[in-house]
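# fold the stuff below for me.
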Amino acid sequence: MPKMKTKKCATKRLKMSATGKVKRSQAGKSHLNGYKARGRKRNLRGTTTIDKTFEKTAALMLQGN
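Residues are numbered from 1 along each chain as shown. Below you'll find the predicted structure:
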């Protein structure tokens, strides 16, 4: 059976944490920022974990490497 390849779209957008959860960056901060409140943009910084319903699929997408 051939090796399983990593999905390149997943490697660019997702990372595994040390505890095995999948991290992602938050959406909604790259454009149309003029009308968004300063606090709202500040809260979009950093990373968050993905939804638990998608966690298994995302881990399989990253597993190939």
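
# now the helices: where do they sit in this structure?
In the chain, the helices defined using DSSP state H lie at 8-13, 38-43, 52-62.

# would CSV of those with distance to residue 32 and mean pLDDT be doable?
In short, each C-beta sits where N, CA and C put it, glycine included. Shown next, in CSV, are the helices of the chain (distance: least, Cβ to Cβ, whole Å; pLDDT from 0 to 100):
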stretch, distance to residue 32, mean pLDDT
helix 8-13, 21, 93
helix 38-43, 11, 95
helix 52-62, 26, 91
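
# so what's residue 56 up against?
For residue 56, the contact set (Cβ atoms under 8 Å, 6 or more residues apart in numbering) is empty.

# who does the spatially most central residue of the chain bridge with?
Geometric centre of the chain, nearest residue: residue 24, 2.0 Å, by Cα atoms, centre = their mean. Beta-bridge pairing for residue 24 (DSSP bridges): residue 14, residue 48.

# isn't it right up against residue 51?
No - counting by Cβ atoms under 8 Å, residue 24 sits too far from residue 51 to count as a contact (9.5 Å).

# how close does the residue nearest to the centre of the chain get to residue 37?
According to Cβ to Cβ, to the nearest Å, residue 24 and residue 37 sit 22 Å apart.

# same question for residue 49.
Computed as Cβ to Cβ, the residue 49 to residue 37 distance reads 24 Å.

# so between those two, which is more surrounded?
Comparing residue 49 with residue 37 by other Cβ atoms under 10 Å, the one with more neighbours is residue 49, at 12 against 8.

# right, and that one touches residue 17 too?
Yes - Residue 49 is within contact range of residue 17, at 7.4 Å (criterion: Cβ under 8 Å).

# list the residues that are in contact with both of those two.
The contact lists of residue 49 and residue 17 share residue 23, where a contact means Cβ under 8 Å, 6+ apart.
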